[in-house]
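**Q** The sequence and its predicted three-dimensional model are supplied below.
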4 protein chains.
Amino acid sequence: MKVEQDLERKFNDQCAVFGVYGHPEAANLTYLGLYSLQHRGQESSGIVTSDGSSHFIEVGMGLVQDIFNQEKLSHLHGDLAIGHNRYSTTGESLLKNAQPLAVDYSLGSLAIAHNGNLVNAVELRNRLEADGSIFRSTMDTEVIIHLIARAESKNFVSRVVEALLQVRGAYSLLLLTEQEMVAVRDPHGFRPLAMGNLDGAHVFASETCAFDLIGAKYVRDVEPGEMVVASPQGIKSYFPFQKKNRAQCVFEFIYFARPDSTVFGQPVYSIRKRMGMELAKEHPVDADLVIAVPDSGVPAALGYAEESRIKFDMGMIRNHYVGRTFIEPSQQIRHFGVKIKLNPVRGLIEGKRVVVVDDSIVRGTTCRKIIEMIRLAGAKEVHMRISSPPTTSPCYYGIDTPTKGELIASSKSVEEIRKYLGCETLAYLSRDRMLDIFGKNRDDFCTACFTGNYPVLMPGMDMLQPNLFETVT
Amino acid sequence: MKVEQDLERKFNDQCAVFGVYGHPEAANLTYLGLYSLQHRGQESSGIVTSDGSSHFIEVGMGLVQDIFNQEKLSHLHGDLAIGHNRYSTTGESLLKNAQPLAVDYSLGSLAIAHNGNLVNAVELRNRLEADGSIFRSTMDTEVIIHLIARAESKNFVSRVVEALLQVRGAYSLLLLTEQEMVAVRDPHGFRPLAMGNLDGAHVFASETCAFDLIGAKYVRDVEPGEMVVASPQGIKSYFPFQKKNRAQCVFEFIYFARPDSTVFGQPVYSIRKRMGMELAKEHPVDADLVIAVPDSGVPAALGYAEESRIKFDMGMIRNHYVGRTFIEPSQQIRHFGVKIKLNPVRGLIEGKRVVVVDDSIVRGTTCRKIIEMIRLAGAKEVHMRISSPPTTSPCYYGIDTPTKGELIASSKSVEEIRKYLGCETLAYLSRDRMLDIFGKNRDDFCTACFTGNYPVLMPGMDMLQPNLFETVT
Amino acid sequence: MKVEQDLERKFNDQCAVFGVYGHPEAANLTYLGLYSLQHRGQESSGIVTSDGSSHFIEVGMGLVQDIFNQEKLSHLHGDLAIGHNRYSTTGESLLKNAQPLAVDYSLGSLAIAHNGNLVNAVELRNRLEADGSIFRSTMDTEVIIHLIARAESKNFVSRVVEALLQVRGAYSLLLLTEQEMVAVRDPHGFRPLAMGNLDGAHVFASETCAFDLIGAKYVRDVEPGEMVVASPQGIKSYFPFQKKNRAQCVFEFIYFARPDSTVFGQPVYSIRKRMGMELAKEHPVDADLVIAVPDSGVPAALGYAEESRIKFDMGMIRNHYVGRTFIEPSQQIRHFGVKIKLNPVRGLIEGKRVVVVDDSIVRGTTCRKIIEMIRLAGAKEVHMRISSPPTTSPCYYGIDTPTKGELIASSKSVEEIRKYLGCETLAYLSRDRMLDIFGKNRDDFCTACFTGNYPVLMPGMDMLQPNLFETVT
Amino acid sequence: MKVEQDLERKFNDQCAVFGVYGHPEAANLTYLGLYSLQHRGQESSGIVTSDGSSHFIEVGMGLVQDIFNQEKLSHLHGDLAIGHNRYSTTGESLLKNAQPLAVDYSLGSLAIAHNGNLVNAVELRNRLEADGSIFRSTMDTEVIIHLIARAESKNFVSRVVEALLQVRGAYSLLLLTEQEMVAVRDPHGFRPLAMGNLDGAHVFASETCAFDLIGAKYVRDVEPGEMVVASPQGIKSYFPFQKKNRAQCVFEFIYFARPDSTVFGQPVYSIRKRMGMELAKEHPVDADLVIAVPDSGVPAALGYAEESRIKFDMGMIRNHYVGRTFIEPSQQIRHFGVKIKLNPVRGLIEGKRVVVVDDSIVRGTTCRKIIEMIRLAGAKEVHMRISSPPTTSPCYYGIDTPTKGELIASSKSVEEIRKYLGCETLAYLSRDRMLDIFGKNRDDFCTACFTGNYPVLMPGMDMLQPNLFETVT
């Protein structure tokens, strides 16, 4: 009788990281940064600060605004802080897996916040355990900590390099010692990580919308393969890894990032709208009205409408009071799960040929219900338009996608999907058209979820068990 | 260091009522109904059910989804239920004021849920106290209960009439006894109240979006001055009051109601969009972009854009994780309160002449900050357009508006407001143009908040103290 | 799998009242007073204060220390305060029934805290409802409030008299207006009510242990039938009621009151110990060891040991961390409920002839388990001694006793009870011997629970339904 | 305005361990066991179970009954369980320090529950960190886990031996793998650990009162230096360590253990009472009344009374509703902290020469207040008798005592203490007399807290910093 699905977000998302180096309000600013990055992870959140000699830690389950209060923030002393929002990729939602992870080791205190996923975590963990390491979480992030603790260099920064040379996969990391902060992105640059400046302090964030809230200035991205070290000696940049092809996650533009963010140096809203325009060019249709599946589908829908010169209206209204769990009446209400969140505006839709724009289709079940709701609201025709290519393959770089078998496009043709969804027409934006939007940077992106061509292979890719132990995103 | 303002909603809203007569899942459906009406009151919520012989009650402070759980709903036995969401009009937010109010009296059990405000509550309360009544809340609603308990008729329905003949003001009420439900609207029909049908059961709601969620069919409105009685003898309609001019709240269309609702028989989204179109006709401007203050300004902005043929974009993004309270950093962040909720999309705005559409201006402080944010995001010109007339006078019929002195338009001309806001141009939709939208029904609305012409006078209107005791909306 | 019985206390107890007139720390002192009276009611607690013009209210479910915190106490302004701990007499444990009850009526604000039970509450309530009163609780206390509100006198004190002349039964009341406090005991004086003095302020409490904690001096009891009025005009005493025979609850000495309190002018510990001594004289036995059922049986056991010159030891240890609810293992553990709370000390008991002293036997089920536990711990003989007469009849004056049918002594002889309990001998202190302890005051007590001779008859005593509506104690 | 001291217990106590091997209700029984051992640690509690292949974990801050509920227990699958109650020795009361500690390592899953304190933990930790280990808690217990993980043996049991050969100090440990449970006591046997049997299942507990509650039979103690291994191959006993002199904590008898427990093979109540009898022989006094400081002083007081033939009475009553924190009124109430918990019975004490028996004196501040309270209640003379020797030296084996400087007897003579306390006479039981009680086992005890002769030296004992990092008891 309880719907415990996440009605908020289409994907079980990624994670967010945020850091401040050298600001008297480091903890408060990190709190705000995490707040603005809430969409990237709603399961747990945490902040670790340093006052130059000790770490202070607060982590908890739930939303940023529920975990932190005035009293807890006041305990987080110091000018240095890193924070993390987390969405786990398994059903286990446990406090022991909340980040930042904070430990003591031979060089002192160390905390880490990680967005991404290591593909060789299982084999590294096995090796570490064989050497006598103990693990208290099920996160791949804990592997990195152990590698640093066991590294041979005397110097912290060298140890980080030594450790990261052993891992493969996606990572945008913030590391905090008593006096240093390290921000590093894997050589492919799968996940974003931006640098900013606030009153002379260095700030780091998964997305720039966090900078906007605190009034920080976006400076540039941490580059793929770059390690930025902030310390009492100033800020330094290193490129300690072998250069690789960029493989930035294109789905950040399609769905994950907030539209007011700049990601990988590009404004998300504009890219998302361009996707809708390209979609209109590639798959035009004779219709009366363009509507969006809110909120993520709105920019692409506006693009589609602008390009096609078909009128746009907010034909579906979203209830913004929807939480994660909901009590369902025992007597089944038709399309209950979707209805809790979305309601079509009959007066707009009735008798119309409607283009419905969404950013992607995962399993197809929700989309099917939406289409039927729109039809019940009186639509004469429903033309589904998706502003990305068919999602055929799971992600191993930090996004919690369903298994391949659950992805409707992995086994069905577009026509088969159309039939399942029950719409007059269905069309996806092609990968080529999508990449065209990025011009000369068109090859800088990972599109493995559309193609199955993975930039970094996992050990035993064919007998893949991505949840052997839990990965943190 | 704490911002305890309501960042969610512009007005401290109204209340919502919802009722089900004759359905085995009465409590669950009422829970869902209240859920979809959450926007009308976020302070407290409650449900009273009847199994034909006893009442069952659950009320609490906070949001519907936080108050009710499976266990509490399972205690709410019976086929009859009424529910209420509340927003108090004073700072006092107390459980004793949560509705529905449930009492025992000579005829048995009685529960009441009220949307509106009685203008003669103070004098009635004084009279009742002089006659020996005691009051446990500070709500005007409790007056109605006492009047019913003290009425002379033997018959419940006659008692309700007897009671309501003594009150003046705004009320859309649901009353529940062990076996009867009464739905009644005051003769002016200030507040909405819709009737629907679900599998043969009668349902009542402040807005029709509640019917959509539970799959009920909207039948018609309870008419101004009508009393609908559902009992084991069937459903009956009475018009026991003297006929009055209709004075339906036009602000339901401007701001309060959800855009997917039908209110006073009219689809909210369409009316709201028409307001934007009329605004564009009345106050055109040469500009590059139309944006909205989300979410309430979006339909009017789309209307403005459509009529003016200026491009519309989602130039401001709203953070939907914003709760009621927020911890502010001690170092003042510029426009913090607004920034928590809204962020402009620089890429869209930069270098543009921007039309910003909002539904109304209350104190002007928030609007001023929004305009400065847009300007800081690079707008070349900012043209503010308001899809309603200047709000000059407080509401005494169930909306919690600031005092007259706090309403910027009560003492400043449009040009003075423009200067205060700091925009290139400012224009409001005129009252005449607004009413034109309703055609032959143009005289059916209360526009007192724009004109100061109050359809029902309060005792001693000139020395008005609306909060003598708290009114429930 | 859950034991939801009250493992703390043998009877679902009474209530406690506490009041302070004229002290700058009225709320804090009331909090402390209620804390020390926690044993008289653990279901809900509340405080109402007055600053001379307004009331401030905090009530909640649970223990005093869980309901109140620094913040809540800081909202309770003023020099006047009354407080209440409650134990309901029905399964319904609802916030609406928490006391003090606070209302507004024609003379202003009024709050009431009540220990006792009105026997004619149902008929009064019916009459009040017929006259148009509404009831929001199921407590008899609400009747008193209505009677005061409807009284004809202009003067508050006269109204109280007018109201109380209509009620029959047990009441020790504290009433609070904006500037006055009234403490009153019914003419029979069923329940205790003591007066004290702290730095010139008047204090009132159900038991004197509350005075000890706050450092107040016990002055005297409010007398049966006395009404003490504290106001800005000073303190006055009235005896407005017809004089009646005293009927003070003897069970206060047997079980309810804390042993360090003085009740009805007598020290509880000494009386309780004397009961044990009389018991030893009346029912001696040849044995090796006297033990008590802790904690309530300890003073009587010490008295029994002292008189009989048999050694006393703490042969049963009580776990003081026991809360109200407990999770029982699915595999039945023998005597689980009792074991959670009590454990015999085998080393003391093994091979001994043991006298076990308890204050009373209610249903007999717990006593039976205790005896078996003691036997399993190796006792050679178990001689049960009860320091009060057999409890045969329910109480209608504020104690929540089981129904007559559930009281084992209502239908079984002492010998039959002994057989049921499984002990070698069983003996109760006789009523005569018990009253002898009080000397010339021996006729001042209600012993209805032992005799069925009720000092105040209920309407229709023979077809008694004490829970027609809930009574507050 | 807040008293945040522990009003419950004199010492910040020890910890408790409990384990079940091979019972279908392992988690429920462990819950009950921890419940009965609550007096040994009220800060945090936890249970880890195994179903033969996986571990299940629940830990939390607070009391056993508040942490666990039906739902949480139902997640703790399996026939094997260990549990822990904890009292930290520093102000830091953090979830990360809650036990059992559960990790994954090369051999699989491992959980540990520890009562005691390692004296060489700091040096071991330094060495482990130098070898690349990371620490997530500040507990010495984590050192043991690392030593096991890094041990060279392939076999789990051998690894435990290998690890424990490196640690020095006090430990009674329970270790849990997927299929094995190890119970082990250090060679000196500082802390207790008992073995029992329930329906064929092996159970382990810090005290036997836990066996009584679940109906298990006490079999014997785990011997000092013994390691008991329960596995699918049955139960085996090993003595892998070099034999040492016994140094069992005598304070278990004086204060820590529940009086209904058997500890180190001796019944606590009887020993405690014998201490009172010896005290009476050694330090008689002419007096009228013996009273105890409840609850811990009661058995010794009864012994003193029995031996001296002076009457015993419960002259001080303890409020059993006292929690850990308390809101103090701003106006200082005399002896507030003590009064909240204890109240003398004036009627017993007035005009009497009173012997007050307590088990020990720590700082002397509380004792001084108690003596003044007794005097204010009218005592003619106060003779303080302590049933143990003067406490002069801190404990390094798992008891959280104040520093040497805070112990009043470390720097003051008995006569000086008497003057400070303000009593007529003061006398302590001598160490010799105390040990006499144990007869031939008189040399089996650690009495370092009375003598400063520590059985196991800490590294750098003279420049002792026992809280270098936190020790778990």
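**A** Arrived safely, thanks for sending.
**Q** from here on, contacts and neighbour counts on C-alpha atoms
**A** OK.
**Q** What's the separation between residue A:358 and residue B:133?
**A** 59 Å (Cα to Cα, to the nearest Å).
**Q** Oh, that last question was meant for residue A:52, not what I typed.
**A** In terms of Cα to Cα, residue A:52 sits 66 Å off from residue B:133.
**Q** Compare neighbour counts for the two and give me the winner.
**A** Legend: neighbour count by other Cα atoms under 10 Å in any protein chain shown for residue A:52 and residue B:133, higher for residue B:133 (27 against 15).
**Q** Confirm for me that the more buried one is in contact with residue C:150.
**A** Yes. If you go by Cα atoms under 8 Å, residue B:133 and residue C:150 touch, sitting 7.2 Å apart.
**Q** near chain D, which residues of chain A show up?
**A** A:102-106, A:126, A:129-137, A:145-146, A:149-151 (Cα under 8 Å from any Cα of the partner chain).
**Q** Surely residue A:77 is within a strand?
**A** No. Counting by DSSP: H, G, I helix; E, B strand; the rest coil, residue A:77 is not found in a strand; it is coil.
**Q** All the helices of the stretch 151-300 of chain A, residue numbers only.
**A** With DSSP state H, counting those that start in this stretch as the criterion, the stretch 151-300 of chain A has helices at A:156-164, A:209-214, A:251, A:268-282, A:298-308.
**Q** got those helices as a markdown table, with mean pLDDT and mean neighbour count columns?
**A** A markdown table is the format used below for the helices of the stretch 151-300 of chain A (pLDDT from 0 to 100; neighbours: other Cα atoms under 10 Å in any protein chain shown):
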| stretch | mean pLDDT | mean neighbour count |
| --- | --- | --- |
| helix A:156-164 | 97 | 18 |
| helix A:209-214 | 96 | 24 |
| helix A:251 | 96 | 17 |
| helix A:268-282 | 98 | 24 |
| helix A:298-308 | 98 | 27 |
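**Q** first vs last residue of stretch A:403-411, how far apart are they?
**A** Distance between the two ends of stretch A:403-411: 12 Å, counting by Cα to Cα.
**Q** whoops, stretch A:314-327 was the one
**A** In stretch A:314-327, first residue to last residue: 27 Å (Cα to Cα).
**Q** farthest residue from the center of chain A?
**A** Here the centre of chain A is the reference, and by Cα atoms, centre = their mean the most remote residue is residue A:351, at 38.1 Å.
**Q** confidence score at it?
**A** Residue A:351 carries a pLDDT value of 97.
**Q** Tell me which residues touch it, please.
**A** Contact partners of residue A:351, counting by Cα atoms under 8 Å, 6 or more residues apart in numbering or on different chains, are A:378, A:379, A:380.
**Q** how close does the closest residue to chain B within the stretch 301-450 of chain A sit to chain C?
**A** Residue nearest to chain B within the stretch 301-450 of chain A: residue A:345 (4.9 Å; Cα to the nearest Cα). As judged by Cα to the nearest Cα, to the nearest Å, residue A:345 and chain C stand 42 Å apart.
**Q** quick one, what contacts residue A:449?
**A** Neighbouring residues of residue A:449 by Cα under 8 Å, 6+ apart: A:391, A:392, A:393, A:394, A:395.
**Q** what about the fourth one, which SS state?
**A** Yep, that's residue A:394 we're talking about. What three-state DSSP gives for residue A:394 is coil.
**Q** Can you report phi and psi for it?
**A** Main-chain torsions, residue A:394, degrees, to the nearest 10: phi -70, psi 160.
**Q** The second one too?
**A** Comment: the main-chain dihedrals of residue A:392 come out as phi -110, psi -20, following degrees, to the nearest 10.
**Q** Tell me how many other residues crowd residue A:366.
**A** For residue A:366, the neighbour count with other Cα under 10 Å is 16.
**Q** Quick check: it touching residue A:336?
**A** No. Between residue A:366 and residue A:336 there is no contact under Cα under 8 Å: 10.6 Å.
**Q** Within its local environment, how many residues does residue A:457 see?
**A** 14.
**Q** ugh, wrong one, I meant residue A:233
**A** 9.
**Q** cool, residue A:154 as well?
**A** A count of nearby residues for residue A:154, using other Cα under 10 Å, gives 10.
**Q** how about it, what does it touch?
**A** If you count contacts by Cα under 8 Å, 6+ apart, residue A:154 has none.
**Q** what pairs with residue A:184 across the strands?
**A** On the basis of DSSP bridges, residue A:184 is bridged to residue A:173, residue A:227.
**Q** quick one, domains of chain A?
**A** Domains of chain A are assigned by automatic domain parsing as A:2-247, A:266-442.
**Q** hmm, back to that, list, out of the residues of chain A next to chain D, those positioned next to chain B.
**A** Applying Cα under 8 Å from any Cα to the residues of chain A next to chain D, one finds that nothing falls near chain B.
**Q** That's all I had, so thanks and see you.
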